[in-house]
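# Sequence first, predicted model second:
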Amino acid sequence: MKLRFLTALALIMYCGSSAAADVAAGKEKSAMCVACHGVAGKAKVPIYPNLAGQHEAYLAQALQAYKNGGRSGGQAEVMKAFVAGLSEEDMNNLAAYYASLAH
């Protein structure tokens, strides 16, 4: 019962914070992402993932994980450099922008 309450509370808190995400601001920040992830989040090089249409929560979590060292291997070191200067708001805005795009 306590676990359900805590899970529901965490979900409500996350949904409340993601609702404030600004898609337009995310689009502006995405200029630094285009070189690898392509225009509108569709990568042309297979080693870089497409971001268009990904789940917003997943994208926000992934950016946080790169920033706090929770992801390693592959292109993690490159991503760490890109996210180092991003605020939590920036990451949420980027996640909202890419989630809003069609696959």
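In hand now; what should we look at?
# who's in contact with the closest residue in space to G69 that isn't next to it in sequence?
Nearest non-adjacent residue to G69, counting by CB to CB, 6 or more residues apart in numbering: K80, 7.4 Å away. Where you see a C-beta, it was placed from the backbone N, CA and C, and this is true even at glycine. By CB atoms under 8 Å, 6 or more residues apart in numbering, the residues touching K80 are 66-67, 69.
# could you dump the residues you listed to TSV with secondary structure and pLDDT?
As requested, the contacts of K80 are exported to TSV (DSSP: H, G, I helix; E, B strand; the rest coil; pLDDT from 0 to 100):
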residue	secondary structure	pLDDT
Y66	helix	97
K67	helix	97
G69	coil	96
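# so which of the residues you listed comes closest to S87?
Taking CB to CB as the measure, S87 lies nearest K67 of these, at 9.9 Å.
# what number of residues lie near the closest residue to that closest one other than its chain neighbours?
Once flanking residues are discounted, K67 sits nearest to V83: 4.5 Å by CB to CB, 6+ apart. Look at V83: counted by other CB atoms under 10 Å, it has 19 neighbours.
# re earlier: state the helix or strand in which the residue nearest to G69 lies.
Taking DSSP states H and E as the criterion, K80 maps to helix 76-83.
# continuing past that helix, what's the next helix or strand?
helix 88-100.
# Pipe the contacts of K80 into CSV and attach distance to V39 and neighbour count per row.
Formatted as CSV, the contacts of K80 follow (distance: CB to CB, whole Å; neighbours: other CB atoms under 10 Å):
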residue, distance to V39, neighbour count
Y66, 22, 23
K67, 24, 19
G69, 29, 9
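# any idea of the mean pLDDT for stretch 74-83?
For stretch 74-83, mean pLDDT is 95.
# Give me the distance from that stretch to the chain's centre.
13 Å (CA atoms, centre = their mean, to the nearest Å).
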